[in-house]
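here's a sequence, model it:
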Amino acid sequence: MINAFSVDLEEWFCGHILNKAVKKNEWNNQELRVVEDTRRMLKLFSRHDTEATFFVLGWIAERSPELIKEIADHGHEIATHGYSHTSLTEMTPRSFEQDLKKAIDVTRRCVKQEILGFRAPSFTITSATLWALQILKDNGIRYDSSIFPLSLHPDYGIGNAPLAIHKLDNSLIEVPLSCVEILGKRIPCGGGYFRLYPYGLTKAILKRCNRQGRPAVFYLHPWELDPAQPRVKLGPINTLRLTLKLSEPIQKRTFLDVGCGAGRYSLELARRGAISVVGIDVSGRMIEVSKKRAQKEALEEKARFIQTDIMEYGPDEAFDICIGMGLLDYIKDPLPTLIKISELTREKAFLSFPVLWSWRTLPRKIRLGLNRCPVYFYTRRRIHELLSKAGFKKVEIKQMGPMYFVIAVPDNP
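Next up is the predicted model:
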């Protein structure tokens, strides 16, 4: 069976996750690496006698037309990825058509091929943007490869879309990204999933597609094969920022950081003038790291770090605020831990719980499982049940990407 290898040709800074860190009006100021990265891919394709479809971002074609010609000269198909890498969920039909026309125009100037295929930035042909399919047909596109037939990702996917290549009502051909069904859930592969999964899992998914009579549709970005790409500092999912905001006035409160790790939360609270912070962790190595960081910043009087299990920890008095970030991911039966946190909390606790069936659930479960590190996931209902049994009278749950951020008020303040 012939499978499909596709490349989303864009720069390292074009991805949706970097939108806030590298704004589009700053793209021209960034280091351009796509030519070098793509030539690395072309060598790999030549070595393995493989032809691919390159979904070319118009912004790239405009700045590196010789690269697009070089790709075509190697025998690869040239398709379009739009011009500006703007998600369709952020566009109107009119702005999308303008973007598409511009992309097709600048790309056609580079090659003699017809531009027949399209892939939406971030796979954002969703149930809310199906209007784009007719616009594609009206502009000469014959096939689309934008629909991810899954529902677990927050930004893209159509959960009930066909898994196989099929013809749409307007005669456009849809070439969906590959997924397989396992235990009633659709599991994707390629791109970011290829980076997250062990290779054996990706290989098994591709083989399963073929056994089910479907060609696998695989995708990569050139920057995914570039170990030297610039590193951009991205904030976490703002859990630290939210914790700090909800802890005000920090200068009037005491804190217990359960499962403190390297002391990220504890040290920031100490820097901001907390009365006192105690960080506890079962890992002696993490406690040593935290102590050294506190010593380096002269924060030892504000922040103390103790190697202990919370179930064995017996302070003289409770704390105004208890924090448990990344703690409950690894506890099979969290209820005793939550009861102990409730007992040690005067005002409120900030806790995190991994979301059951977020798009990162399966990759994380597999990756940690291979390291013999079980990880546990939660629904909102399960969190409410646990915290009610643990003695919390008020619970507020905020979903932040693949995790729930929970504010819990104990019944014994």
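
could you identify the helix or strand that succeeds the helix or strand bottoming out on mean pLDDT in the chain?
In the chain, the helix or strand scored least confidently by mean pLDDT, DSSP states H and E is helix 361-370, which has a mean of 67. Going down the chain from helix 361-370, the next helix or strand is helix 380-390, by DSSP states H and E.

and the angle from the next helix or strand along the chain from that following helix to helix 380-390?
Under the assignment DSSP H and E, the closest C-terminal helix or strand after helix 380-390 is strand 392-400. Following axes from the mean of the first three to the mean of the last three CA atoms, to 10 degrees, one obtains 150 degrees for the angle between strand 392-400 and helix 380-390.

make 12 the first number, not 1, from now on.
Understood, numbering begins at 12; the last thing we discussed is strand 403-411.

mind listing the strands strand 403-411 pairs with, and their directions?
Under the criterion DSSP bridges, strand 403-411 sits next to strand 414-421 (antiparallel) in its sheet.

output the partner strand as PDB - backbone C-alpha positions only.
Provided in PDB are the C-alpha atoms of strand 414-421 (Å, rounded to 0.1, in the frame of the first residue of the first chain):
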ATOM      1  CA  MET A 414      -5.000  20.400  33.200                       C
ATOM      2  CA  TYR A 415      -7.500  21.600  35.700                       C
ATOM      3  CA  PHE A 416      -6.500  24.400  38.100                       C
ATOM      4  CA  VAL A 417      -8.600  24.000  41.300                       C
ATOM      5  CA  ILE A 418      -9.300  26.500  44.100                       C
ATOM      6  CA  ALA A 419     -10.600  24.600  47.100                       C
ATOM      7  CA  VAL A 420     -11.800  26.200  50.400                       C
ATOM      8  CA  PRO A 421     -11.700  23.800  53.400                       C
END
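
give me the residues contacting it.
248, 250, 253, 257, 353-354, 356-366, 369, 389, 391, 394, 398, 402-410 (CB atoms under 8 Å, 6 or more residues apart in numbering). Every residue, glycine included, has its C-beta placed from N, CA and C.

before we move on, what about stretch 99-114?
In contact with stretch 99-114 (CB under 8 Å, 6+ apart) are residues 67-69, 72, 91-95, 97, 129, 131-132, 135-137, 139-140, 142-143, 146-147, 149-150, 152, 166.

please check those and keep the buried ones.
67-69, 72, 91-95, 97, 129, 131-132, 135-137, 140, 143, 146-147, 152 (16 or more other CB atoms under 10 Å).

which ones among those residues map onto strands?
Using DSSP state E, the subset of the buried ones among the contacts of stretch 99-114 located in strands is 67, 91, 129.

wouldn't the first one be in contact with residue 120 here?
Read it as residue 67. No: with contact defined as CB atoms under 8 Å, residue 67 and residue 120 do not form a contacting pair (11.7 Å).

now the common contact residues for those two.
Counting by CB under 8 Å, 6+ apart, nothing touches both residue 67 and residue 120.

break the chain down into its structural domains.
As assigned by automatic domain parsing, the chain contains the domains 15-236, 250-421.

how far is the shortest one from where the chain is centred?
Offset of domain 250-421 from its chain centre (CA atoms, centre = their mean, to the nearest Å): 22 Å.

would you mind measuring the gap between the ends of it?
End-to-end span of domain 250-421 (CA to CA, to the nearest Å): 21 Å.

which residues touch residue 330?
Counted by CB under 8 Å, 6+ apart, residue 330 has contacts 265, 266, 267, 289, 355, 356, 357.

whichever strand or helix holds the fourth one packs against which elements?
In this structure, residue 289 is located in strand 287-292 according to DSSP H and E. Contacts defined by 3 or more CB pairs under 8 Å, 6 or more residues apart in numbering; DSSP states H and E place strand 287-292 against strand 265-269, helix 275-282, helix 295-307, strand 314-318.

kindly state the pLDDT recorded for the most far-flung residue of the chain relative to its centre?
Farthest-out residue of the chain from its mean C-alpha position, per CA atoms, centre = their mean: residue 327, at 41.4 Å. pLDDT, residue 327: 91.

measure it to residue 274 for me?
Distance, residue 327 to residue 274, using CB to CB, to the nearest Å: 22 Å.

what sits closest to residue 205 if chain neighbours are left out?
residue 213 (5.5 Å; CB to CB, 6 or more residues apart in numbering).

correction: the previous question concerned residue 225.
The nearest residue in space to residue 225 (CB to CB, 6+ apart) is residue 175, at 5.0 Å.

residue ranges with poor pLDDT in the stretch 112-261 of the chain?
For the stretch 112-261 of the chain, the stretches flagged by pLDDT under 70 are 163, 165, 244-249.

all strands for it, in order.
128-129, 154-155, 177-178, 184-185, 190-193, 196-199, 228-231 (DSSP state E, counting those that start in this stretch).

name the stretch among the ones you listed that sits most buried.
strand 128-129 (a mean of 24; mean count of other CB atoms under 10 Å).

what's it in contact with?
So strand 128-129 is contacted by 64, 66, 88, 90-93, 111, 147, 152-157, 186 (CB under 8 Å, 6+ apart).

hmm, try it at 7 Å
Defining contact as CB atoms under 7 Å, 6 or more residues apart in numbering, one finds that strand 128-129 is touched by 64, 66, 90, 91, 147, 152, 154, 155, 156, 157.

hmm, which two among those are most spread apart?
64 and 147 (15.5 Å; CB to CB).

beta-bridge partners for the residue nearest to residue 258 when sequence neighbours are not counted, please?
The spatial neighbour of residue 258 that comes closest, neighbours along the chain excluded (CB to CB, 6+ apart), is residue 332 at 5.8 Å. For residue 332, the beta-bridge partners are residue 266, residue 359 (DSSP bridges).

isn't residue 332 right up against residue 263?
No: judged on CB atoms under 7 Å, residue 332 makes no contact with residue 263 at a distance of 10.8 Å.

of those two, which one has the most company?
Counted by other CB atoms under 10 Å, residue 332 and residue 263 do not tie: residue 332 has more neighbours, with 22 against 11.

mind listing what the more buried one touches?
Residue 332 sits in contact with 258, 264, 266, 358, 359, 360, 361, where contact means CB under 7 Å, 6+ apart.

let's see that with 8 Å instead.
Contacts of residue 332 (CB under 8 Å, 6+ apart): 258, 264, 265, 266, 267, 356, 357, 358, 359, 360, 361.

appreciated, that's everything.
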